[in-house]
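A.B. asks: Pasted the sequence and its predicted model underneath.
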Amino acid sequence: STGTAMVAGCGDGSLQLWQERRAYSRADLVARDPAGGDGGAITGVCFSPDDARLAARGEDGVVRLWDARKLKRPLFTLTGLDTAFDTSNLCFSPDGRLLVVPAAAPPPARGGGPGP
């Protein structure tokens, strides 16, 4: 990352982006769930190394890739990446070509049988 922007993933599912460093300012851009639903809290965010893209993961198991300059609508959405943890991060590779997103199944039930 070039360090020229800052993003917050919020409990209401929004992303708030500041593009300049100013004390006590409102976000320059705000993005909400484009489907209008309640995707839940954002559990992880990451800028691409060039700050052009932003990846965000929600507690609903959905990862959205955004154009960080606009935050109009996601460039790409990936579903089914559930995790058993309250927070789960994601990150771009150093060259920005790959996005690493961990996923975790619920722990197995006692006795070695399948989980819930």
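C.D. replies: Structure received.

A.B. asks: from here on, contacts and neighbour counts on C-alpha atoms
C.D. replies: Fine.

A.B. asks: Which positions are bridged to the residue positioned nearest the centre of the chain in the beta structure?
C.D. replies: In the chain, the C-alpha nearest the mean C-alpha coordinate belongs to Ala56, at 1.3 Å (C-alpha atoms, centre = their mean). Taking DSSP bridges as the rule, Ala56 bridges to Val45, Arg64.

A.B. asks: Who are the contact partners of it?
C.D. replies: Contacts for Ala56 were tallied using C-alpha atoms under 8 Å, 6 or more residues apart in numbering; they are 9, 42-46, 63-65, 90.

A.B. asks: Relative to Arg73, how far out is it?
C.D. replies: From Ala56 across to Arg73, the span is 12 Å (C-alpha to C-alpha, to the nearest Å).

A.B. asks: ok, and the closest non-adjacent residue to Ala68?
C.D. replies: Distances taken as C-alpha to C-alpha, 6 or more residues apart in numbering place Arg53 nearest to Ala68, at 4.9 Å, with adjacent residues excluded.

A.B. asks: For the one you found, list the residues it contacts.
C.D. replies: Neighbours of Arg53 in contact, by C-alpha under 8 Å, 6+ apart: 47, 65-69.

A.B. asks: do the same with Gly9
C.D. replies: By C-alpha under 8 Å, 6+ apart, Gly9 lies in contact with 15-16, 41-45, 56.

A.B. asks: Then Ala52?
C.D. replies: Counting by C-alpha under 8 Å, 6+ apart, Ala52 touches 67-69.

A.B. asks: With respect to Arg97, which of those is nearest?
C.D. replies: Distances from Arg97 to those, taken as C-alpha to C-alpha, are shortest for Asp67 (14.7 Å).

A.B. asks: I'd say the closest one and Ala55 touch.
C.D. replies: No. The pair Asp67 / Ala55 is not scored as a contact, 9.0 Å apart, by C-alpha atoms under 8 Å.

A.B. asks: Enumerate every residue touching the closest residue to Lys72 other than its chain neighbours.
C.D. replies: The shortest distance from Lys72 to any non-neighbouring residue, by C-alpha to C-alpha, 6+ apart, is to Ala31 (6.9 Å). Applying C-alpha under 8 Å, 6+ apart, we find Ala31 in contact with 14-16, 71-73.
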